[in-house]
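# Could you work out the structure for the sequence below:
(one chain, ligands or ions: 1)
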Amino acid sequence: MERTERVVIGLGTVVMVLFFIAIFVLATGFGIDVPGCVTEMKPFERDTLFQTGDKRYELHVIARMWAYQMPPVEIPAGSVVDIYLTSGDVVHGFHIDYTNVNLMAVPGTVTYARARFPQPGEYPIICHEYCGIGHQQMMGVVRVVQP
Ligand code: CUA
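Sure thing, here's the model as predicted:
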């Protein structure tokens with residue numbers, strides 16, 4: 001083995017050991033950890049739908065294996081809904097058919113989209129991110145009725 005190879009292997013080993021020590025110290029000495037669950041904080045302690053104005057709504061959704069924790073959504077046609085989404089466990093998807101809504105539900109963070117529902121009807125919601133054995137059962141619906 002050449003001297004240069006031994007130096008590179010030695011340096012690589014030293015850097016790897018330093019990284020492991022840094023991770024160990026950060027994880028145990030400073031209390032640094034993965035982000036806490038947003039679902040335990042306001043306004044995400046529970047799912048909710050509330051009206052913020054004329055045909056304006058705000059919807060809070062928590063995705064969990066393998067269902068959307070959300071209230072029944074029935075709104076009049078022409079409504080605009082601000083959707084705030086988070087996850088209580090793993091990464092999920094959140095796609096509403098016939099709209100521009102295509103979100104990821106990520107633990108520790110909140111994603112947002114504004115959706116318009118011009119026509120009456122049912123707008124299916126599906127999880128489009130593989131999230132485990134029950135992924136294909138993960139769906140919901142937005143019901144839009146005549147005002
Ligand atoms: Cu949740 Cu797939």
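# make it CA atoms for all contacts and neighbour counts henceforth
OK.
# The residue nearest to G88 when sequence neighbours are not counted: neighbouring residues, count only.
Of all residues not flanking G88 in the chain, R64 sits nearest, at 5.4 Å (C-alpha to C-alpha, 6 or more residues apart in numbering). When neighbours are counted by other C-alpha atoms under 10 Å, R64 registers 19.
# R64 and the ligand, how far apart?
7 Å (C-alpha to the nearest ligand atom, to the nearest Å).
# What parts of the protein come near the ligand?
66, 92-93, 127-131, 135, 138 (C-alpha under 6 Å from any ligand atom).
# Check those residues against L59 and report the nearest one.
Nearest to L59 out of the residues of the chain next to the ligand is G93 (C-alpha to C-alpha; 16.1 Å).
# Now do the contacts for that closest one.
Each residue near G93 by C-alpha atoms under 8 Å, 6 or more residues apart in numbering is listed here: 102-105, 126-130.
# same deal with V61?
For V61, counting by C-alpha under 8 Å, 6+ apart, the contacting residues are 47-48, 68-70, 83-86.
# Filter those residues down to the ones in helices?
Per DSSP state H, helices hold no members of these.
# Among those residues, which one sits closest to R114?
Using C-alpha to C-alpha, those come closest to R114 at I83, 6.0 Å.
# so what's that closest one up against?
For I83, the contacting residues are 58-61, 112-115, by C-alpha under 8 Å, 6+ apart.
# ok, now H95?
Residues in contact with H95 (C-alpha under 8 Å, 6+ apart) are 101-103, 125-128.
# Which residue comes closest to it once chain neighbours are left out?
Distance criterion C-alpha to C-alpha, 6+ apart; nearest residue to H95, sequence neighbours excluded, is N102 at 4.5 Å.
# And for Y98?
By the measure of C-alpha to C-alpha, 6+ apart, the closest residue to Y98 outside its immediate chain neighbours is Y123, 6.8 Å from it.
# helix, strand or coil for I133?
Look at I133: counting by DSSP: H, G, I helix; E, B strand; the rest coil, its state is coil.
# count of neighbours near it?
I133: 9 surrounding residues under other C-alpha under 10 Å.
# per-residue confidence at it?
pLDDT for I133: 94.
# what sits opposite the residue nearest the centre of the chain in the beta ladder?
In the chain, the C-alpha nearest the mean C-alpha coordinate belongs to A105, at 1.4 Å (C-alpha atoms, centre = their mean). Following DSSP bridges, A105 is listed with bridge partners H92.
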